[in-house]
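# Quick one: sequence plus predicted model below, questions after.
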Amino acid sequence: MKFFKIPFLLIWRFWFYLLLFTSILILSPFLLVFTLDFKYYHRFWAIARIISKILVYGMGFRINFKEVQKIEADKSYMFCPNHTSLLDPFILIALSKNPIVFVGKKELVKIPIFGFFYKKVVIMVDRSSAESKKRVFKMAKERLQNGVSMAIFPEGLVPEENVILAPFKKGAFSLAIEFEIPIVPQTYYDCKRFFSWDIYKGGPGVIRVKQHKFIPTKNMHLKEDLIPLKDKTFAILKQDLENDKAYMKDTNRKNERKIKL
């Protein structure tokens, strides 16, 4: 049975990249026009959602989305999901009708075709550069208007699969306090199981996402409230993941394999 499963998974993975690059190529005339000026970002976002839904549903996934608190159309937020898979940003885009600007790694610019549009719409950050961090604040100030939100995966990189939740970096919380926008914690339970970095693992399934109660940042100050805000968000997501049997079963399996090695 395993002999037949591996070729299926390899073809299935190839199908993901084929869907991604084909949908971008077909919709590239619209993407080119709507990335000329940020005033068209709402229209760009509509195209990005189409591409994300093609990927998610085209790969055989379905999304089970639970909202403890709902987004208001005319407000800005800071989305902070846990990061377990390449699929995570596409899930977030597919779920959100309201436009979101991502703060992301500059390394992704190197991906052919995808990278061309990525650098036009994502606020790229070089964490080793203080000048880069100042640029993020400047660009965020320009874009956080008319209901546009921001998203940062606070773990920074996708952690190893035996890690429940990697330590959070400060960037998302600094920006949220600076611009007085609520933190939106989101838990992605299943992306690590269904679409991990291990190409011999995964498959179609129902991806569960939980949007927790928002954490307000109004009247907070960087010096006093930054670390408590970061720690509170971390605790919400970590506790939620630890209480999920499917997530912990997969994580513990990875820990057992690592111990044996």
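On my side now, so go ahead.

# Which residue ranges of the stretch 51-200 of the chain form helices?
For the stretch 51-200 of the chain, the helices defined by DSSP state H, counting those that start in this stretch cover 88-95, 114-121, 130-143, 171-178, 191-194.

# Could you say which of the ones you listed is packed most deeply?
Greatest average neighbour count among the helices of the stretch 51-200 of the chain goes to helix 191-194 (a mean of 24), per mean count of other C-beta atoms under 10 Å. Glycine gets a C-beta too; all of them are placed from N, C-alpha and C.

# chain center to that one: distance?
14 Å (C-alpha atoms, centre = their mean, to the nearest Å).

# Please apply the same query to stretch 176-183.
Going by C-alpha atoms, centre = their mean, where stretch 176-183 is centred and where its chain is centred differ by 18 Å.

# Other residues contacting that stretch?
Contact with stretch 176-183 is made by 75-78, 80, 137, 140-141, 144, 149-150, 172-173, 175, 214-222, 225-226, 229, 233, as judged by C-beta atoms under 8 Å, 6 or more residues apart in numbering.

# want to throw the helices of the stretch 51-200 of the chain into JSON lines with mean pLDDT and distance to residue 59?
Formatted as JSON lines, the helices of the stretch 51-200 of the chain follow (pLDDT from 0 to 100; distance: least, C-beta to C-beta, whole Å):
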{"stretch": "helix 88-95", "mean pLDDT": "96", "distance to residue 59": "9"}
{"stretch": "helix 114-121", "mean pLDDT": "79", "distance to residue 59": "16"}
{"stretch": "helix 130-143", "mean pLDDT": "74", "distance to residue 59": "30"}
{"stretch": "helix 171-178", "mean pLDDT": "93", "distance to residue 59": "28"}
{"stretch": "helix 191-194", "mean pLDDT": "93", "distance to residue 59": "9"}
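
# Adding distance to residue 248 as columns, could you present those helices in TSV?
Formatted as TSV, these follow (distance: least, C-beta to C-beta, whole Å):
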stretch	distance to residue 248
helix 88-95	19
helix 114-121	33
helix 130-143	34
helix 171-178	25
helix 191-194	11
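
# Going through the contacts of stretch 176-183, which ones are buried?
Buried members of these, counted by 16 or more other C-beta atoms under 10 Å: 76-78, 80, 140, 144, 149-150, 172-173, 175, 214-215, 217, 220, 225-226, 229, 233.

# which residues does the closest residue in space to residue 95 that isn't next to it in sequence bridge with?
Spatial nearest neighbour of residue 95, excluding adjacent residues (C-beta to C-beta, 6 or more residues apart in numbering): residue 65 at 5.9 Å. According to DSSP bridges, the partner residues bridging residue 65 are residue 209.

# Thanks a lot, see you next time.
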